[in-house]
Every structure is written in structure tokens, then in C-alpha cells.
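Undergrad: make a model of this:
(one chain, ligands or ions: 1)
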Amino acid sequence: MTAVSFQSVSKTFPTPRGPFQALHGVSLDIEEGEFFGLLGPNGAGKTTLISILAGLSRATQGRVTVLGHDVQADFARARQCLGVVPQELVFDPFFNVRETLRLQSGYFGVKNNDAWIDELLESLGLADKATANMRQLSGGMKRRVLVAQALVHKPPIIVLDEPTAGVDVELRQTLWQFIARLNKQGHTVLLTTHYLEEAEALCGRIAMLKNGRVVALDSTSELLQSANASVLQFKTDAPLPAALARLARVTGRIVQLPAHDAAEIEHHLAALREAGVASEDVEIRRADLEDVFIKVMGSEAAEAVA
Ligand SMILES: Nc1ncnc2c1ncn2[C@@H]1O[C@H](COP(=O)(O)OP(=O)(O)OP(=O)(O)O)[C@@H](O)[C@H]1O
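TA: Numbering: from 1, shown residues only. Here you go, the predicted model:
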């Protein structure tokens, strides 16, 4: 069955400068059991789409269903199927961690939930914080509680909006192990993240959004293959010849040049030699999701696909 279906979803916000369209006819289906990634630069519309899914915001046009339940017409049942981990840390500061999770269970009509709450606390490394007041927790610990809170009613579909923003390596690992385990047990996962390595490692399928439109939608492996490219990477202090500078991704001293095949790599190397660009630590690697992302987001052609 389709876990989440977005059907021609558009969203227009009124702003002081006139209406602003954040989503333009977004359509995509996420099947049960998928680990699905929703990627895009800041402002692409990811959070807007998730807010509509979670019933926090209404689509201006189109329809969203969760396991067949319309998020507007059948809000309660749709919401019951979803565990949403929001981007923002919002809590009632007067409760401790266990009380917060009990309250949330009550909100979803789940009684006697302590065994599952204990398992959540344990799996998220929160066991020793059960009686700590929410006010006393660090940002990372609060985020763990947000995740636990989203899962109190064992939702079949887990939605994570940038769960690892500003989170340390240990929590990232704990979180992903736990979410991967839930996914193996059959939970559908919808994830937005700016960490493309995480998306590449975790997601079976990925949609890329740009300016409120889907500009790529495919399995992660197909996306990687479609990049059909290697990357010539090296370090240099010298300016690149103009033809290469146009292609290059430069981070400090590190230069990355995409190449379709060995001949193009040869061509890049020859151009560097001719321009007298001294390079160190030269390596050739396969294109990764970040390369695909940059290619999709950078190309005007990609917009025509949508
Ligand atoms: N309530 C609102 N009123 C007006 N414009 C809004 C509102 N909410 C979002 N927007 C605009 O809609 C666009 C999409 O925003 P959204 O938060 O969905 O992006 P995002 O992909 O989640 O970005 P980020 O990666 O920064 O979280 C942005 O241009 C944003 O400024």
C-alpha cells in the first residue's frame, strides 16, 4: 500500500509583498516500508511539504493521503499513522522526560505505555535522563526526546525533518541505528536532511526539491549512476584556468572536477599542466550524492523535467 501520497500539492503563502508560491504541483508516492529522502537547498519547500503532511498547514491545491487517509478530511486517522519529528525544539519546560512522553501517549490515546517508553528511552540513550526536567537538558538531549515523543504511539510512518541538524556524532549514530531498526521492522521513514552522506547511506529512494518543484525522483543507486561520472580531486593554491573554473567545486584548497570518462580526466589534467597549476593529493573517485545534488540543483535543464 502507498504510505504517503502527495498529489499535485501546491502551497501559496500570503506575504506583505503579495502571494508567494512555495510548492508547485508536487506529486510523489512513498510506498510502505521505504526509507525515503526528501532533499533540497534552504527554502526548497521541504518543511512546507511536511507541515502539510502533518496537518499543520493546508495545501492551497492538491491532496495528501497517509495510508489512504486524507490529511484534511480524515485528519485524526492520518495523524495517528504518523510520527513527526519537527525541526524546531518546542517543549513544555515544566515536565520531566518521562512525563513528557506519558503526556504525548495520552494525546494519542495510548494507555499503559511505560514498557515502550522505557524501550524508547533506552534505545535513544535517554535512560538516565528519565526524571530530568526538560529545562535541564542540552539541545542534543532535547532532540532525542523529540524523537521519542514522535514514536510513543508506534506510528507506521516516521517523518524526520532534519533530525541531525547540530547534533553530535554519537547521537547521529544512535539515532540512525534505531531508525534503521524500525525501518527493518516495517516502519516507513521519510527523512529530510542537509547531510547528503546520511541520505546516501540510509535512503533507498530520494526526491530532490528545488524552488517548490520535484527536480529529481529515483532510487539512490539510479541517481548515483545517472551522474555517470567520476570526480578528479586535488589540492592547489593556484587559480584554475577559466574553462575548468566553470566546472569546478572549490572548498578552500580542495578542487573537485567532474568528468564523464577517463578521456575527460586526461583532458582536465592536461589543461592543469598547461596552465602551470601545481596540484597535490590528486585522486579520482566515483561521484557521490553531493555531486548529483549539485548537478541537479545547478542545471536549468533539471527544472524542465519537473
Ligand atoms: N508562513 C510562511 N509565510 C511566507 N513564506 C513562507 C512561510 N513558510 C515558508 N515560507 C517560504 O516558503 C519557502 C519554502 O520554505 P521551507 O521552510 O518549506 O523550505 P525548506 O526546504 O524546509 O528549507 P530549509 O532547508 O531551510 O529548512 C521559503 O522561501 C520560505 O521563505
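Undergrad: only C-alpha atoms from now on, for both contacts and neighbour counts.
TA: OK.
Undergrad: can you tell me the element residue 243 falls in?
TA: Assigning secondary structure by DSSP states H and E places residue 243 in helix 242-245.
Undergrad: get me the contact residues on this protein for the ligand.
TA: Residues of the chain lying close to the ligand by CA under 6 Å from any ligand atom are 13, 15, 22, 40-48.
Undergrad: let's go with 8 Å and repeat that
TA: With CA under 8 Å from any ligand atom as the criterion, the chain meets the ligand at residues 12-15, 20-23, 39-50, 87, 162, 193-194, 209, 211-212.
Undergrad: give me the subset of those residues lying in helices.
TA: With helices defined by DSSP state H, the entries of those inside them are 46-50.
Undergrad: what subset of the residues you listed is buried?
TA: Among those, those that count as buried by neighbour count (16 or more other CA atoms under 10 Å) are 46-50.
Undergrad: dump the residue contacts of the residue of the stretch 51-200 of the chain at minimum distance from the ligand.
TA: Taking CA to the nearest ligand atom as the measure, the stretch 51-200 of the chain has residue 194 as its residue closest to the ligand, at 7.1 Å. Residue 194 makes contact with 39-41, 162, 165, according to CA atoms under 8 Å, 6 or more residues apart in numbering.
Undergrad: picking up where we left off before, restricted to strands, list the residues of the chain next to the ligand.
TA: In this view, the residues of the chain next to the ligand that belong to strands under DSSP state E are 12-13, 20-23, 39, 209.
Undergrad: mind putting those residues into JSON lines with neighbour count and pLDDT?
TA: Compiled in JSON lines, those are given as follows (neighbours: other CA atoms under 10 Å; pLDDT from 0 to 100):
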{"residue": "12", "neighbour count": "16", "pLDDT": "97"}
{"residue": "13", "neighbour count": "13", "pLDDT": "96"}
{"residue": "20", "neighbour count": "12", "pLDDT": "96"}
{"residue": "21", "neighbour count": "15", "pLDDT": "97"}
{"residue": "22", "neighbour count": "19", "pLDDT": "97"}
{"residue": "23", "neighbour count": "26", "pLDDT": "98"}
{"residue": "39", "neighbour count": "25", "pLDDT": "96"}
{"residue": "209", "neighbour count": "25", "pLDDT": "96"}
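Undergrad: name the residue closest to the centre of the chain, please.
TA: For the chain, the residue sitting closest to the mean C-alpha position, by CA atoms, centre = their mean, is residue 192 at 1.8 Å.
Undergrad: wait, that one sits on residue 162?
TA: Yes - using CA atoms under 8 Å as the test, residue 192 is close enough to residue 162 to be in contact (5.2 Å).
Undergrad: any residues in contact with both of those two?
TA: By CA under 8 Å, 6+ apart, no residue touches both residue 192 and residue 162.
Undergrad: which residue packs closest to the one residue in the stretch 201-306 of the chain that gets nearest to the ligand, ignoring adjacent ones?
TA: Nearest residue of the stretch 201-306 of the chain to the ligand: residue 212, at 7.0 Å (CA to the nearest ligand atom). For residue 212, the nearest residue in space outside its immediate sequence neighbours is residue 23; the separation is 4.0 Å by CA to CA, 6 or more residues apart in numbering.
Undergrad: ok, residue 111 next?
TA: The shortest distance from residue 111 to any non-neighbouring residue, by CA to CA, 6+ apart, is to residue 105 (6.9 Å).
Undergrad: who's in contact with the residue lying closest to residue 279 once chain neighbours are set aside?
TA: When the adjacent residues along the chain are set aside, residue 279 lies closest to residue 236, with 4.9 Å between them (CA to CA, 6+ apart). With CA under 8 Å, 6+ apart as the criterion, the residues that contact residue 236 are 253-255, 277-280.
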